[in-house]
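> coords please:
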Amino acid sequence: MTKTLKDLADDLRGIDICMLATRTDDGQITSRPMSNNGDAEYDGDSFYFTRATSRVVHEIQSDPKVSLAFSTAPGLLTGAGLYICVEGEAEVIRDKARFEAHWSPDLDIWFDQGIDTPGVVMLKVHAEKIRYWAGADQGQIVV
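This is a model prediction of the structure:
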């Protein structure tokens, strides 16, 4: 069965953490875990919060090409596991008005003043290509 973007959005609701990969100043690839905070109304854009002083912000400003890797353990969604790789472009958003649509109260543990926490920024990753593997089913979506 070929998955659609809506199918992948449904799948992503069950996956909170992804690995966000960026390129460092010296050209190496590095990754770190990021949470989608339950914001899984996926239309090809995903959103993550971090601090403006973080290395990931610097790396995205230097090279906006990123990769997101999502996975489930075998048996949770498909019996065989689900693996999703998103290739796209990231941008750093500093507009607090845009934060509200993607903010979750769960973020308050990391940002004690909510969207008013000094230095909080939102990363928006716009997917360009999505690959997925679910058992024998695999495919690609170009967004």
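> and Ile60, that's in a helix?
Yes - assessed by DSSP: H, G, I helix; E, B strand; the rest coil, Ile60 belongs to a helix.
> was I right about it contacting Ile93?
No - applying Cβ atoms under 8 Å as the test, Ile60 and Ile93 come out as separate, 10.8 Å apart. C-beta: built from backbone N, CA, C; applies to glycine.
> overlap in contacts of the two?
Counting by Cβ atoms under 8 Å, 6 or more residues apart in numbering, the shared contacts of Ile60 and Ile93 are Leu123.
> So those two - more neighbours on which side?
Ranked by neighbour count (other Cβ atoms under 10 Å), Ile60 and Ile93 place Ile60 first, with 24 against 16.
> That one and Ile17: what is the separation?
Noted for Ile60: a distance of 19 Å to Ile17, by Cβ to Cβ, to the nearest Å.
> cool, and Tyr48?
Distance from Tyr48 to Ile17, by Cβ to Cβ: 10 Å.
> quick one, helices of the chain?
5-12, 55-62, 96-99 (DSSP state H).
> Mean pLDDT added to these, as JSON lines?
Output for the helices of the chain, formatted as JSON lines (pLDDT from 0 to 100):
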{"stretch": "helix 5-12", "mean pLDDT": "82"}
{"stretch": "helix 55-62", "mean pLDDT": "98"}
{"stretch": "helix 96-99", "mean pLDDT": "93"}
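> Relative to Ile29, which of the ones you listed is closest?
helix 55-62 (10.0 Å; Cβ to Cβ).
> Would you mark the buried spots in that closest one?
Using 16 or more other Cβ atoms under 10 Å as the burial criterion, the residues of helix 55-62 that qualify are 56-57, 59-60.
> Likewise for stretch 114-133?
115, 117, 120-127, 130, 132-133.
> Flag the shaky bits of this protein, pLDDT-wise.
Counting by pLDDT under 70, the chain shows low-confidence ranges at 1, 38-41, 75-79.
> related to what we said a few turns ago, out of Tyr48 and Ile17, which sits in the more crowded spot?
Tyr48 (20 against 12).
> Make a markdown table out of the buried residues of helix 55-62 and add distance to Arg23.
A markdown table is the format used below for the buried residues of helix 55-62 (distance: Cβ to Cβ, whole Å):
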| residue | distance to Arg23 |
| --- | --- |
| Val56 | 11 |
| Val57 | 13 |
| Glu59 | 6 |
| Ile60 | 9 |
